[in-house]
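>>> Need coordinates for the below:
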Amino acid sequence: MCNPVPFPSCLGKFLLLSVSVLALGMSQAASAQNCLQDDYGKNVQCTANDVRIAFATSPRGLDGTPLLSCSAGSTFSFVADFHVTTTATARENIGMYFATGGQGSALKGACADNIIAPLHKSANLNDTVWLGTSQYEELDLSTPTDTCGDISTSDNNQVITVEVPNVKCQAAAGTNQLALPNCTSWQQPGGTLLCVSPAPNYPWVPAAIPGSPSKCNCDSTFTVPIVVQTPSITVAKSCDTTLTTGSGNTTCDAGQEGGSVTYNLAISNASNFGGIAIDQICDSAYGNVFTVSGFPACPAGTNGTVTSTTCSALSIAASAIGTCSFTATQGENAAVKNIVSISGHGTSGGTPFGPIVSNQVTVTSTDAPSTATVTKSFNSNLQICATLRYNVDVKNTSGADENLTLNSLTDSAFGNIIPNTSSSVIGTTCAVPQSLPVGGADYTCTFDAQFCGAPTTIVTTQGKCTSGTCTVGKTGTCSADSDCNLTCTGIQHLNQVSASLTGDEVGDTVTMTPGSLTASECFTVSTQ
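Residues are numbered from 1 along each chain as shown. Below you'll find the predicted structure:
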């Protein structure tokens, strides 16, 4: 096996490898590449410290906007300015290797490989993002077509803008900063390879490898000022206790069907990056509890929907607990098991998190008896009827020589009693003609009649107040006649009975005084 170094016996293979790399059209935003030792092809010691990456500044997204944080465990890409220094007079064909797979060094595994390139636009990024360096220099005049940048003490602290794709968001030990282990490699004057990286993208090429196993430097503790947000959020759920400390009952009885169940939530924020904001709360049984505008919708619930909620875009400070509640209706004869899941973002940097799920809550209900109710009431047009028996007494009050004959009886409300022509008169003992001699007995008879009317409030006389006691009707003490009267719901009817009479002489005029009666019928309404 020949390594790509300028020995005559391997030159042909080196050229073939270079042609192969150029034909691939590699760009600086390519997928993961090899790390330093994998590219070199054999073990390295990296004992020299001639060139190193001192620190990184201005991390930003691929659109050029500042990038302050990432979510732990996620994979993302970024651009930053890396400050490269040397302790030597000159070193050439500088290679830079950044570990992207979360491994502890940039010797093996997945890396982003780079060179010091002239300032250039990236084919993959926003036009406002430029890569490379404005401090680009070529020190080896024996390789005038070389395009792999060099460094010298006279141009120390070169600022090289690099895109680092597909990095695992992982904090360096003891920090909350993004871990980015890296290695640098170089070649010394007099032992420099021709290193041509094609424009306009200037990718890493295999000629940018260590000049020997020691010509490299690795830093496994290097960090980039991107805060690794490690959400430490717990969600407690209960079904009958207002949560303030993150604990509560997880099994409840909703009683009979149709009972409302109030679920209480306590969201504890122990994250390492400060405050959080809640963007969505979903419930497995009832679907959406709360969602900010523009956030993807919650999956539909399996047992209905939320009927009311106090949950909103909660803002929860570090080491604090946010609480809210929501209410749903429990179905009959069921055991509903449900959890909530929350999603949100850090208020510093905006890194999203979630969904984070709660404990499970179980609410049971029984089957309520089937019942029905029939309600009855009086119609406003209701007519109440009563049947009364009326006594009729006809008396001859003429002088000593006048005999009278009773020819008919008529009622002002019911019409003729005899002869009976009224449908309201149900029956009668009255008959005509009847002789009424002077000094003779009264003629008495009865008739039954029905009268009707709408229910109203009536006052009936129930006796007089005498010596503090009602004389008839109502019992008990009284102080006035009104105390003995009865106010009730009922009907009242006034009617008069008149008689048609003739004397014992032709042409006699008989004067008659009709009999009047007011009938009151009270009733009690009882609806069952």
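>>> rest of the way, CA atoms for contacts and neighbours
Will do.
>>> Quick check: buried residues in stretch 476-494?
Neighbour-count burial for stretch 476-494, with 16 or more other Cα atoms under 10 Å as criterion, is recorded at Cys478, Asp481, Ser482, Asp483, Cys484, Asn485, Leu486, Cys488, Thr489, Gly490, Ile491, Gln492.
>>> let me redo that: stretch 43-63
Neighbour-count burial for stretch 43-63, with 16+ other Cα under 10 Å as criterion, is recorded at 44, 46, 49-53, 55-56, 58-62.
>>> Over to stretch 103-116?
Judged by neighbour count using 16+ other Cα under 10 Å, the buried positions of stretch 103-116 are 103-107, 109-116.
>>> can you check stretch 69-79 too?
For stretch 69-79, the buried set under the neighbour-count rule, 16+ other Cα under 10 Å, comprises Ser69, Cys70, Ser71, Ala72, Thr75, Phe76, Ser77, Phe78, Val79.
>>> Quickly list the domain ranges of this structure.
Following automatic domain parsing, one gets these domains for the chain: 8-229, 233-366, 384-522.
>>> need those in JSON lines with mean pLDDT, can you?
Output for the domains of the chain, formatted as JSON lines (pLDDT from 0 to 100):
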{"stretch": "domain 8-229", "mean pLDDT": "86"}
{"stretch": "domain 233-366", "mean pLDDT": "85"}
{"stretch": "domain 384-522", "mean pLDDT": "82"}
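>>> I'd like the buried residues of stretch 476-494 written out as CSV, with secondary structure added.
Conversion of these to CSV gives the following (DSSP: H, G, I helix; E, B strand; the rest coil):
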residue, secondary structure
Cys478, coil
Asp481, helix
Ser482, helix
Asp483, helix
Cys484, helix
Asn485, coil
Leu486, strand
Cys488, strand
Thr489, strand
Gly490, strand
Ile491, strand
Gln492, strand
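>>> List just the nearest of those residues to Thr221.
When those are compared for distance to Thr221 (Cα to Cα), Thr489 comes out closest, at 97.9 Å.
>>> Test my guess that that closest one contacts Ile458.
Yes. Contact between Thr489 and Ile458 holds when scored by Cα atoms under 8 Å: they sit 6.2 Å apart.
>>> Please tell me how far Val289 sits from Ser343.
12 Å (Cα to Cα, to the nearest Å).
>>> Which residues are in contact with each of these two?
With contacts defined as Cα atoms under 8 Å, 6 or more residues apart in numbering, the residues shared by Val289 and Ser343 are Gln280, Ile281.
>>> The two: which has the busier surroundings?
For Val289 and Ser343, the more surrounded residue by other Cα atoms under 10 Å is Val289, and the numbers stand at 24 against 19.
>>> residue at max distance from the center of this structure?
Largest separation from the mean C-alpha position in the chain: Asp401, at 104.9 Å (Cα atoms, centre = their mean).
>>> show me the contacts for it.
For Asp401, the set of contacting residues under the criterion of Cα under 8 Å, 6+ apart consists of Val438.
>>> Number of residues surrounding Ser238?
For Ser238, the number of neighbouring residues by other Cα under 10 Å comes to 27.
>>> In stretch 261-278, which residues are buried?
Judged by neighbour count (16+ other Cα under 10 Å), stretch 261-278 contains these buried residues: 261-271, 273-278.
>>> Would you mind measuring from Thr223 to Ala300?
Taken as Cα to Cα, the spacing of Thr223 relative to Ala300 amounts to 43 Å.
>>> Give me the more crowded residue out of those two.
A side-by-side neighbour count of Thr223 and Ala300, using other Cα under 10 Å, places Thr223 first with 21 against 15.
>>> Quick check: the more buried one vs Thr85, distance?
On the measure of Cα to Cα, Thr223 and Thr85 end up 16 Å apart.
>>> Can you tell me the closest non-neighbouring residue to Cys148?
Among residues not flanking Cys148 along the chain, Asn93 sits closest, at 5.0 Å (Cα to Cα, 6 or more residues apart in numbering).
>>> Helix or strand next in line after whichever strand or helix holds that neighbour, which one?
Asn93 belongs to strand 90-99 when assigned by DSSP states H and E. Of the helices and strands lying after strand 90-99 in sequence (DSSP H and E), the nearest is strand 111-115.
>>> of the buried residues of stretch 43-63, closest to Phe523?
The nearest member of those to Phe523, counting by Cα to Cα, is Gly61 at 89.1 Å.
>>> helix or strand for the most centrally placed residue in the chain, which one?
In the chain, the residue lying closest to the centroid (Cα atoms, centre = their mean) is Val289, at 1.8 Å. Assigned by DSSP H and E, Val289 belongs to strand 287-291.
>>> Could you export that strand as CSV, CA atoms only?
Output of strand 287-291 as CSV, limited to C-alpha atoms (Å, rounded to 0.1, in the frame of the first residue of the first chain):
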residue,chain,number,x,y,z
GLY,A,287,-56.9,15.5,22.3
ASN,A,288,-56.0,19.1,22.3
VAL,A,289,-55.7,20.9,25.6
PHE,A,290,-53.7,23.9,24.4
THR,A,291,-51.7,24.7,21.2
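>>> How many residues are close by the closest residue to Ser77 other than its chain neighbours?
Sequence neighbours aside, Pro165 is the residue nearest to Ser77 in space, at 4.2 Å (criterion: Cα to Cα, 6+ apart). Taking other Cα under 10 Å as the neighbour definition, Pro165 ends up with a count of 21.
>>> my guess is Pro165 meets Phe78, correct?
Yes. Counting by Cα under 8 Å, a contact exists between Pro165 and Phe78, whose distance comes to 6.4 Å.
>>> for the stretch 351-500 of the chain, what spans make up the strands?
Listed in chain order, the strands of the stretch 351-500 of the chain (DSSP state E, counting those that start in this stretch) span 352-357, 361-366, 384-394, 404-411, 415-418, 425-428, 434-436, 443-453, 456-460, 465-466, 469-470, 486-502.
>>> of these, which approaches Thr89 most closely?
Distances from Thr89 to each of these were compared using Cα to Cα; the minimum, 46.8 Å, belongs to strand 352-357.
>>> In the closest one, which residues are buried?
In strand 352-357, the ones that count as buried by 16+ other Cα under 10 Å are Pro352, Phe353, Ile356, Val357.
>>> OK, contacts around Leu409?
The neighbourhood of Leu409, defined by Cα under 8 Å, 6+ apart, consists of Asn416, Ile417, Ile418, Pro419, Val497, Ser498, Ala499, Ser500.
>>> neighbours of the fourth one, just the number please.
What that stands for is Pro419. Taking other Cα under 10 Å as the neighbour definition, Pro419 ends up with a count of 14.
>>> how about it, phi and psi?
Here the main-chain torsion angles of Pro419 (degrees, to the nearest 10) amount to phi -70, psi 150.
>>> Going forward, count from 238.
OK, 238 is where the count begins now, so the last one is Pro656.
>>> Please look at it and Ser645 and confirm they touch.
Yes. Using Cα under 8 Å as the test, Pro656 is close enough to Ser645 to be in contact (6.8 Å).
>>> Going along the chain, name the helices of the chain.
Taking DSSP state H, the helices of the chain run over residues 248-261, 273-277, 718-721.
>>> now could you export just the CA positions of the second one as PDB?
This file holds the C-alpha atoms of helix 273-277, laid out as PDB (Å, rounded to 0.1, in the frame of the first residue of the first chain):
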ATOM      1  CA  LEU A 273      -7.300  12.500  10.700                       C
ATOM      2  CA  GLN A 274      -5.800   9.100  11.300                       C
ATOM      3  CA  ASP A 275      -8.300   7.400   8.900                       C
ATOM      4  CA  ASP A 276      -7.200   9.800   6.200                       C
ATOM      5  CA  TYR A 277      -3.500   9.400   7.000                       C
END
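>>> which other residues reach that helix?
Helix 273-277 is touched from outside by Asn240, Asn280, Val281, Tyr334, Ala343, Leu344, Lys345, Gly346, Cys420, Pro443, Ile446, Pro447, with contacts defined as Cα under 8 Å, 6+ apart.
>>> same check, this time on the shortest one
Contacting residues not belonging to helix 718-721 are listed as Thr698, Gln699, Gly700, Lys701, Cys702, Cys707, Gly710, Lys711, Cys715 [Cα under 8 Å, 6+ apart].
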